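J.: here is my input, please return the structure:
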Amino acid sequence: MRQVLITGGGTGIGRAIAHAFADAGDAVTITGRRPDVLKEAAKSRAITCRTADVTDEAAVAALFGTPFDVVIANAGGGASGKLVKTSLADWNSTLAVNLTGTFLTFRAALPHMTTGGRLIAIASTAALKGNASVPAYTAAKHGVLGLVRAVAHDVATSGITCNAICPGFTDTPLADDAITGLMRRFDVDRDKATAMVTSGNPQNRLIAPDEVAATALFLASPEAAAINGHALSLSGGEI
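T.: Numbering: from 1, shown residues only. Model (predicted):
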């Protein structure tokens, strides 16, 4: 039975990934900052909950008292707003949770990981193109992809892989926040705001969290052993 750790596992993509691995028979641990959210995500399955902030070096290190076979750095987020309206505090907090959090997670996981191990970062299409509305988030996710590629070269001869999944807008509370924000900003209804959010996807839809989870399951499988340092765009052709 594989030991699987997912950061930010209480909601959205992280929750879907946790459920998918648990349903596949893996021993799953989810982390996050809110114990109540973690417990809610875990209650229907045998999932272990650990409260931790991925920007806290000591808290992340404490997660790895025992080794994990699959480690998925999913915790992330960030405020929207063009560059001139981005405060230094928002910039720093966005880089901390997305980029530094992934760095701390992978750095703590790797010394304990053996052949067949999998490091997976949940990045974004923002790692593959510019987005004027979220400059801090875009910069952070570009950094995540650079880190993934560097680590992939580091682990290439050890039988471990490191990859990134880059979803487009996904049907999660974060996407709902973006839709609600557009409704207020442009005084449009939900259907119009949703169409604005999904306009970058040629399939004109939101990505389902379960699609991201299925991709993570594949990258963690033996059949994906030759996939290393890859940014897998899950975006309906946006990238």
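J.: show me where the protein has strands.
T.: 3-7, 27-32, 47-51, 70-73, 118-122, 161-167, 231-234 (DSSP state E).
J.: against which helices or strands is the longest one packed?
T.: What it means is strand 161-167. Strand 161-167 is packed against strand 118-122, helix 135-155, helix 209-219, strand 231-234, with contacts defined by 3 or more Cβ pairs under 8 Å, 6 or more residues apart in numbering; DSSP states H and E. For the C-beta atoms, the positions are set from N, CA and C on the backbone; glycine is no exception.
J.: hey, C-alpha coordinates of that strand in PDB?
T.: Taking Å, rounded to 0.1, in the frame of the first residue of the first chain, the C-alpha atoms of strand 161-167 are listed here in PDB:
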ATOM      1  CA  THR A 161       9.900  11.400 -11.100                       C
ATOM      2  CA  CYS A 162       8.800  15.000 -10.600                       C
ATOM      3  CA  ASN A 163       6.100  16.500 -12.800                       C
ATOM      4  CA  ALA A 164       3.500  19.300 -12.800                       C
ATOM      5  CA  ILE A 165      -0.100  19.300 -13.700                       C
ATOM      6  CA  CYS A 166      -1.300  22.600 -15.200                       C
ATOM      7  CA  PRO A 167      -5.100  22.800 -15.100                       C
END
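J.: what's the domain layout of this protein?
T.: Following automatic domain parsing, one gets these domains for the chain: 3-168+207-234, 171-206.
J.: quick one: residues contacting residue 186.
T.: By Cβ atoms under 8 Å, 6 or more residues apart in numbering, residue 186 lies in contact with 192-193, 196.
J.: from memory residue 148 sits against residue 165, does it?
T.: No - contact between residue 148 and residue 165 fails when scored by Cβ atoms under 8 Å: they sit 10.0 Å apart.
J.: joint contacts of the two?
T.: Joint contacts of residue 148 and residue 165 (Cβ under 8 Å, 6+ apart) are 121, 123.
J.: residue 91 reaches residue 136, doesn't it?
T.: Yes - counting by Cβ under 8 Å, residue 91 does reach residue 136; the two are 4.7 Å apart.
J.: lowest-confidence helix or strand of the protein?
T.: When each helix and strand of the chain is scored by mean pLDDT, DSSP states H and E, helix 173-186 comes last, with a mean of 86.
J.: flag every buried residue along it.
T.: 174-175, 178-179, 182-183 (16 or more other Cβ atoms under 10 Å).
J.: same thing with stretch 17-27?
T.: Those would be 17-22, 26-27, for stretch 17-27 by 16+ other Cβ under 10 Å.
J.: mind putting the strands of the chain into JSON lines with mean pLDDT?
T.: Converted to JSON lines, the strands of the chain look like this (pLDDT from 0 to 100):
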{"stretch": "strand 3-7", "mean pLDDT": "98"}
{"stretch": "strand 27-32", "mean pLDDT": "98"}
{"stretch": "strand 47-51", "mean pLDDT": "97"}
{"stretch": "strand 70-73", "mean pLDDT": "98"}
{"stretch": "strand 118-122", "mean pLDDT": "98"}
{"stretch": "strand 161-167", "mean pLDDT": "98"}
{"stretch": "strand 231-234", "mean pLDDT": "98"}
